[in-house]
Every structure is written in C-alpha cells, then in structure tokens.
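>>> let me see the structure of the following:
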Amino acid sequence: MPGWRVGGPDAAWQIGAMDDALHAYGSGHADGLAGRRDAALAESPATGPDYLVGLVDGQVAAFEAALIAAVRKALGEAP
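Numbering: from 1, shown residues only. From the prediction side, this is the model:
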C-alpha cells in the first residue's frame, strides 16, 4: 500500500501520523460515549475523519449499553 511501508525516509512521519490518527479516534470514541462533540477536532483536516469515526463508534457503544440496560430492566434482571 503506497505511503505505508516499514522503514524508509518518511517512516517517522508515518508513525507520527498514525499516532495522531489513533489519538483522534480515541478522543472521538470517548466523546461519543459521553454524548458530546468537539467541533474543532471534527473539522481538523489532518485528523477530523479519524475523530468522526471514533465519535460514531462511541455513540454506537453508548446506544448498545443503554439498549442492554433497558432489556435487562424489562426482564427484571440486575444491571
């Protein structure tokens, strides 16, 4: 895959970019779980897409947790 080889002159940049992408995804996931959105991170040209994917994943995780809790409550089970 072009641009993602191990080693080479731009390997340090690739690692830094991947770290930034993972950090943005993690921030988005945490924000999604908390039900908030950081507009500055979402609009960042470098990491905005990663943040938004994390945000949606966090929102889905929060929905799933709420759904499971509601089903357990309806069934009379402990949370």
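
>>> from here on, contacts and neighbour counts on C-alpha atoms
Noted.

>>> do a quick rundown of the helices in this protein.
Assigned by DSSP state H, the chain shows helices spanning 11-34, 39-42, 48-75.

>>> tell me which residues of stretch 50-68 come out buried.
Going by neighbour count (16 or more other C-alpha atoms under 10 Å), the buried part of stretch 50-68 is Asp50, Tyr51, Leu52, Val53, Gly54, Leu55, Val56, Asp57, Gly58, Gln59, Ala62.

>>> hmm, Gly58 is touching Ala30, no?
Yes - the pair Gly58 and Ala30 passes the contact test of C-alpha atoms under 8 Å, sitting 6.3 Å apart.

>>> contacting residues around the lowest-mean-pLDDT helix or strand in the chain?
Within the chain, no helix or strand scores below helix 11-34, which has a mean of 85 by mean pLDDT, DSSP states H and E. Contact with helix 11-34 is made by 3-5, 37-38, 41, 47-48, 50-62, as judged by C-alpha atoms under 8 Å, 6 or more residues apart in numbering.

>>> swap the cut-off to 7 Å and go again
Residues outside helix 11-34 that contact it (C-alpha atoms under 7 Å, 6 or more residues apart in numbering) are 4, 37, 47, 50-59, 61-62.

>>> chain center to that helix, what's the gap?
Centroid displacement of helix 11-34 relative to its chain, using C-alpha atoms, centre = their mean, to the nearest Å, is 8 Å.

>>> center of this protein - which residue?
Gly54 (1.8 Å; C-alpha atoms, centre = their mean).
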